[in-house]
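Next input, structure requested:
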Amino acid sequence: MTMELESDYFSEKEAPEAPGAPQQHEVSYNHLSDGVQPESQPESAASRSEGSSGENDNAMQDGRLSKKRRARSEPMQPILKRKRGNFNNHYLDLLNEDIEDIINPTMSAEDELPPSQVGLTFWTPYEKQLFFEALTNFGRDDVQKIADAIRTKSEVEVRQYLALLDNDAERRKLELERGLEPIQLVDHPAAVELSHPCCVALDEAADALALRQERHEELSEQKKWGPCWNITQDLAKRIEGDHGLEKDPEFAAANGLEFTEVLRLKEWLRLSERVFMNASFPESNWRFIDESPPSIRATALQDFHSVLVSITKKIVLATLFTAESRIRAKREAQPNAKSLVRSQDVEAAVVSLGLKRDRENFWVTCPRRLRLDVWDDEAEVSDDEGEDRLMSFDEVERIIGDEPAAPEQAQASERSPTVEIKFENAGSEEDTDDEDDSTVCSDKSSDEGPVPMSDAEHEVNEEAKEVLRYSAYDFPKTHRTREALKNRIRNEHEQEAVAEAEDAKMNHEAEVDMWRLLQRQPPEVLVRPEPYERNRRGVRDVEDLYDVGRQWREHLVYQSEWEMLGTPHVSDEKKV
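Numbers count the residues shown, from 1 in each chain. Predicted coordinates for the structure are as follows:
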């Protein structure tokens with residue numbers, strides 16, 4: 001059975017032909033895998049019944065008979081199917097709070113920034129909240145996106161606010177030299193991390209809530225549409241007809257499904273089964289989620305029909321307006337111009353509405369976007385036990401897009417030489433540094449004997465060697481410089497240890513609250529982490545000793561476009 005990738009959604013009688021539509025490409029259904037392992041997946045009852053009657057007939061019409069892959073004897077169980085659990089009202093309240101925070105983001109009284117005036121611009125607390133959220137998401141260099149997120153401030157005003165923050169940061173650096181304590185790593189807020197059993201418990205609560213919501217929607221659909229609330233392949237065949245089954249002309253109207261006359265229901269379901277819900281990984285493959293093949297609710301089809309009618313009306317009205325404008329302008333020169341709507345009017349109307357002229361690119365990139373496994377079943381094999389060949393995304397896109405193959409480029413890429421990098425000198429430098437460190441240690445401990453080095457101190461020495469060897473900063477080769485660098489590295493390690501201890505404390509408190517919300521006991525007793533006591537404060541980091549590249553903006557020299565590109569029009573005027 002063949003699948004027409006070029007708009008088989010709508011029936012031929014009522015669907016308008018899009019202007020400039022490309023020729024239809026046909027890809028065999030057997031090209032698309034039925035799961036993660038196509039050669040071992042069983043076929044559903046619907047596909048087996050279709051294969052016995054319709055697939056061979058359509059394949060014979062194409063002049064060939066598609067091969068069938070072997071099916072497994074054991075049925076496959078949906079491993080990702082939701083499991084029924086106990087409904088939790090507290091989880092529902094938590095979900096509603098998160099949804100409300102996303103829809104209406106508000107700041108608490110403690111986190112709310114005061115209003116202020118920067119130059120001639122007044123900043124409200126809400127604008128500051130949007131500013132810092134956009135600054136976190138887009139970075140300080142994308143001023144345009146930050147201004148678009150705020151909506152009430154221009155790029156100049158946003159850049160002025162950033163300059164104010166830079167000046168304040170420089171002022172704080174000067175105050176640090178006067179004894180002000182620096183901001184530590186632990187002072188920055190971080191996200192909490194929950195354990196795997198707690199995440200599994202949250203997933204179970206989410207599945208219970210999803211099943212409850214799904215059941216509520218199913219009851220509403222059944223009350224509205226009756227037995228035809230869920231359009232399956234059997235109902236689609238009864239509405240449209242099939243091989244050996246005549247179309248029931250009164251069935252759709254009797255059940256309130258008049259809108260299905262303009263839609264090809266069987267093709268919609270086949271596309272969901274073979275393309276949109278047939279990825280090569282279990283999370284997006286319907287066979288790993290439910291036993292029944294994909295179906296569409298009647299309300300969803302009704303919504304699609306409403307969208308189709310709305311877009312069609314817009315295209316028709318825009319086409320008539322474009323045609324009338326063209327005819328009116330043409331009759332000024334040719335009074336006898338005919339009042340005809342041409343294809344160019346439809347194309348202009350589609351462009352004016354911001355719609356795409358065709359869907360060729362959509363189907364070409366569909367296998368890569370959905371991560372489909374496409375198998376080539378047209379290769380000549382000597383026996384029936386031969387396996388099909390898995391095609392690459394580039395090959396599939398070339399076939400669907402009717403693009404010629406480029407063997408020269410493929411051969412050139414295969415012949416591209418690999419670059420070999422040798423690190424012979426690095427070992428000699430490391431040996432030299434080791435010798436220097438050993439001489440320093442020997443001078444200090446010549447009378448005391450060898451002192452064992454801990455793992456933490458070994459990491460400090462290795463990191464100091466890396467900084468001295470690979471940094472562009474010209475360090476003096478003195479023992480005092482090395483010790484100063486090591487002290488800063490020890491301070492950084494201590495800051496990381498304090499931050500990790502604080503994160504462990506926050507994670508423990510959050511997980512205890514989450515288990516209490518779920519009204520369940522953790523599988524293992526939660527042990528409260530011990531606090532980490534910091535020994536010293538006020539020691540600077542390695543970044544304060546030499547520039548690691550974060551202040552690269554300060555070294556840039558701004559130049560206008562005319563300074564970079566020149567002004568050729570000025571010289572031309574002088575010549576004239």
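
what's the domain layout of this structure?
Described in terms of automatic domain parsing, the domain architecture of the chain consists of the residue ranges 105-187, 455-548.

Figure out which of those is closest to residue 248.
domain 455-548 (50.2 Å; Cβ to Cβ). Using the backbone N, CA and C atoms, a C-beta is placed for each residue, glycine as well.

for the closest one, what is the average pLDDT?
Domain 455-548 shows an average pLDDT of 79 in the prediction.

ok, now how distant is residue 138 from residue 359?
Per Cβ to Cβ, to the nearest Å, residue 138 is found 32 Å from residue 359.

Check residue 498 too.
Counting by Cβ to Cβ - residue 498 and residue 359 are separated by 56 Å.

Where does residue 145 fall, secondary structure wise?
For residue 145, the host element (DSSP states H and E) is helix 143-150.

what does the model give residue 286 for pLDDT?
At residue 286, pLDDT is 90.

And the one 3 residues further on, by the same measure?
You'll see residue 289 listed with a pLDDT of 85.

got it, and residue 300?
93.

still on that earlier bit, if you count neighbours, what's buried in the helix holding residue 145?
143, 145-147, 149-150 (16 or more other Cβ atoms under 10 Å).

Could you identify the longest helix within this structure?
Assignment by DSSP state H gives helix 479-518 as the longest helix of the chain.

That one: which residues count as buried?
By 16+ other Cβ under 10 Å, the buried positions in helix 479-518 come out as 482, 484-492, 494-495, 498-499, 501-504, 506-508, 511, 514-515, 517-518.

got it, and stretch 521-528?
Going by 16+ other Cβ under 10 Å, stretch 521-528 has no buried residues at all.

if we look at it, which residues are touching it?
For stretch 521-528, contacts defined as Cβ atoms under 8 Å, 6 or more residues apart in numbering pick out 195, 197-198, 505, 508, 511-512, 515.

now swap in stretch 161-177 and tell me
By Cβ under 8 Å, 6+ apart, stretch 161-177 touches 118, 121, 123, 131, 140, 143, 153, 180, 182.

Just the ones in strands from those, please.
118, 121, 123 (DSSP state E).

so where is this protein shaky, pLDDT-wise?
1-82, 105-111, 176-181, 379-387, 403-453, 471-475, 534-550, 566-576 (pLDDT under 70).

hey, where'd the strands end up in it?
So, for the chain - with DSSP E - the strands run 2-4, 26-28, 116-118, 121-123, 230-231, 296-297, 375-376, 389-390.

can you redo those as JSON lines with mean neighbour count and distance to residue 551?
Conversion of the strands of the chain to JSON lines gives the following (neighbours: other Cβ atoms under 10 Å; distance: least, Cβ to Cβ, whole Å):
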{"stretch": "strand 2-4", "mean neighbour count": "16", "distance to residue 551": "58"}
{"stretch": "strand 26-28", "mean neighbour count": "17", "distance to residue 551": "55"}
{"stretch": "strand 116-118", "mean neighbour count": "11", "distance to residue 551": "23"}
{"stretch": "strand 121-123", "mean neighbour count": "15", "distance to residue 551": "26"}
{"stretch": "strand 230-231", "mean neighbour count": "20", "distance to residue 551": "62"}
{"stretch": "strand 296-297", "mean neighbour count": "17", "distance to residue 551": "57"}
{"stretch": "strand 375-376", "mean neighbour count": "18", "distance to residue 551": "54"}
{"stretch": "strand 389-390", "mean neighbour count": "14", "distance to residue 551": "50"}
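
Make a markdown table out of these and add distance to residue 529.
Output for these, formatted as a markdown table (distance: least, Cβ to Cβ, whole Å):
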| stretch | distance to residue 529 |
| --- | --- |
| strand 2-4 | 57 |
| strand 26-28 | 57 |
| strand 116-118 | 39 |
| strand 121-123 | 40 |
| strand 230-231 | 51 |
| strand 296-297 | 49 |
| strand 375-376 | 52 |
| strand 389-390 | 49 |
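
And those strands: which comes nearest residue 322?
Checked against Cβ to Cβ, the stretch from the strands of the chain lying closest is strand 2-4, at 29.9 Å.

Help me confirm that residue 326 comes into contact with residue 345.
Yes. Between residue 326 and residue 345 there is a contact at 6.5 Å, judged by Cβ atoms under 8 Å.

the more surrounded of these two?
Comparing residue 326 with residue 345 by neighbour count (other Cβ atoms under 10 Å), the higher total belongs to residue 345, at 21 against 17.

how near is the more buried one to residue 327?
Distance from residue 345 to residue 327, by Cβ to Cβ: 9 Å.

what do you get for residue 149?
Relative to residue 327, and taking Cβ to Cβ, residue 149 is found at 45 Å.

before we move on, what about residue 261?
Distance from residue 261 to residue 327, by Cβ to Cβ: 34 Å.

just checking, residue 504 touches residue 529?
Yes. Contact criterion Cβ under 8 Å: residue 504 and residue 529 qualify, at 4.1 Å.

Just the terminal-to-terminal distance for stretch 244-256.
Taking Cα to Cα, to the nearest Å, stretch 244-256 runs 25 Å from one end to the other.

Can you pull out the residues in contact with that stretch?
By Cβ under 8 Å, 6+ apart, stretch 244-256 touches 53, 225-228, 237-241, 257-258, 260-261.

Isn't residue 507 up against residue 194?
Yes. In this structure residue 507 lies within contact range of residue 194 using Cβ under 8 Å: 7.1 Å.

show me what contacts the residue lying closest to residue 85 once chain neighbours are set aside?
Spatially, and ignoring its direct neighbours in sequence, residue 85 is nearest to residue 208 (3.8 Å; Cβ to Cβ, 6 or more residues apart in numbering). Residues counted as contacts of residue 208 (Cβ under 8 Å, 6+ apart) are 84-88.

Filter the residues you listed down to the buried ones.
Buried among the contacts of residue 208 by 16+ other Cβ under 10 Å: 85, 88.

Would you mind putting the contacts of residue 208 into a markdown table with distance to residue 339 alongside?
Listed next are the contacts of residue 208 as a markdown table, based on distance: Cβ to Cβ, whole Å:
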| residue | distance to residue 339 |
| --- | --- |
| 84 | 65 |
| 85 | 66 |
| 86 | 69 |
| 87 | 64 |
| 88 | 67 |
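
and which of the contacts of residue 208 is nearest residue 558?
residue 88 (57.5 Å).

Distance-wise, check residue 454 relative to residue 493.
12 Å.

same thing with residue 466?
Taking Cβ to Cβ, one finds residue 466 at 14 Å from residue 493.

do residue 355 as well
Counting by Cβ to Cβ - residue 355 and residue 493 are separated by 58 Å.
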